[in-house]
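Colleague: I would like to see how this sequence folds:
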Amino acid sequence: MTSLAFTPHGATANSFGNGSTGTVVITGSNFADNGATNITLVAAAGADTTFNTIVETSTTSATANYVSTGAATPGTFGGVVLTDAGGASVALASAFTIDAAPTISSISPNSVWEATAPTTVTITGTGFVTGATVAFASTVDGTALTSSVTSVSATSIVLSVTPTNPAGGAAATPGTYNVTVTNADGGAVESAAGFTVGNGLENVSPSATSAIGSIPVALLGSGFEYGATVSLTSTDPAACLTEITNTAARQLMA
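Modeller: Numbering: from 1, shown residues only. Down below sits the predicted model:
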């Protein structure tokens, strides 16, 4: 073999994300072309990356699965040695680059209520790249939330979140959701229970009044159904609630 190069699916031709897994294409020349899997690729010390299931596909190409443990210090790593099925070896200096993994510092807002319209959510952090995706997974049953990324910068991701399950459009499962950002190079970060879909009573308006007589009160929340009842506990025996005048999935008028 006389040459060697990498082509992972990273931000640059030979880079991938810290903590990522995937497939890398190794190109060169004069490989022993017999479709063998008994070739080896050994990464430099400190790269904390392993390559396995390496298969020669031609005299100029091989494929390999890789696993980056996430323990590596981001940077460029050399000293990679490939030994092909014929026993020939070649070393490659500056073989590949491990990109820094993204981080999440905040999600705002970090909750929505059932039966609401799409909400604009901003994820703030570091290391985001164009093409980054965001996934929500319920901590209750693993189901997802409907979302769509609208913009990505190095420090923020803006997306639209709708409290429905993208698989069929049913209402989202109430409770907390793990939020995972994955860059195009495979680097990812998770905010455990970083987002919440709420249900029940969200707000009462007005929450207090000194007026005498009939006072309209709106109860905002989710999951309300026709026939719902409202009760008030008061230290004033003269205070009472006479009737519910309107019921909707998001609001009760009393």
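
Colleague: now do the same for the residue nearest to residue 151 when sequence neighbours are not counted: its pLDDT.
Modeller: Excluding the flanking residues, the one nearest residue 151 by CB to CB, 6 or more residues apart in numbering is residue 158, at 4.6 Å. Any C-beta I mention is one placed from the backbone N, CA and C, and that applies to glycine too. Looking at residue 158, its pLDDT reads 98.

Colleague: three-state assignment of residue 207?
Modeller: Put simply, residue 207 is coil when judged by DSSP: H, G, I helix; E, B strand; the rest coil.

Colleague: name all residues that make contact with it.
Modeller: For residue 207, the contact set (CB atoms under 8 Å, 6 or more residues apart in numbering) is empty.

Colleague: next: residue 70.
Modeller: 18, 19, 48, 101 are the contacts of residue 70 under CB under 8 Å, 6+ apart.

Colleague: kindly recompute the last result at 7 Å.
Modeller: By CB atoms under 7 Å, 6 or more residues apart in numbering, the contact set of residue 70 is 18, 19, 101.

Colleague: the last one against residue 16, yeah?
Modeller: No: applying CB atoms under 7 Å as the test, residue 101 and residue 16 come out as separate, 10.7 Å apart.

Colleague: nearest residue to the middle of this structure?
Modeller: Centroid-nearest residue in the chain: residue 180, 2.2 Å away (criterion: CA atoms, centre = their mean).

Colleague: gap between that residue and residue 189?
Modeller: Relative to residue 189, residue 180 is positioned 7 Å away (CB to CB, to the nearest Å).

Colleague: ok, back up a step: most neighbours among the contacts of residue 70, which one?
Modeller: Greatest neighbour count in the contacts of residue 70, by other CB atoms under 10 Å, goes to residue 18: 25 neighbours.
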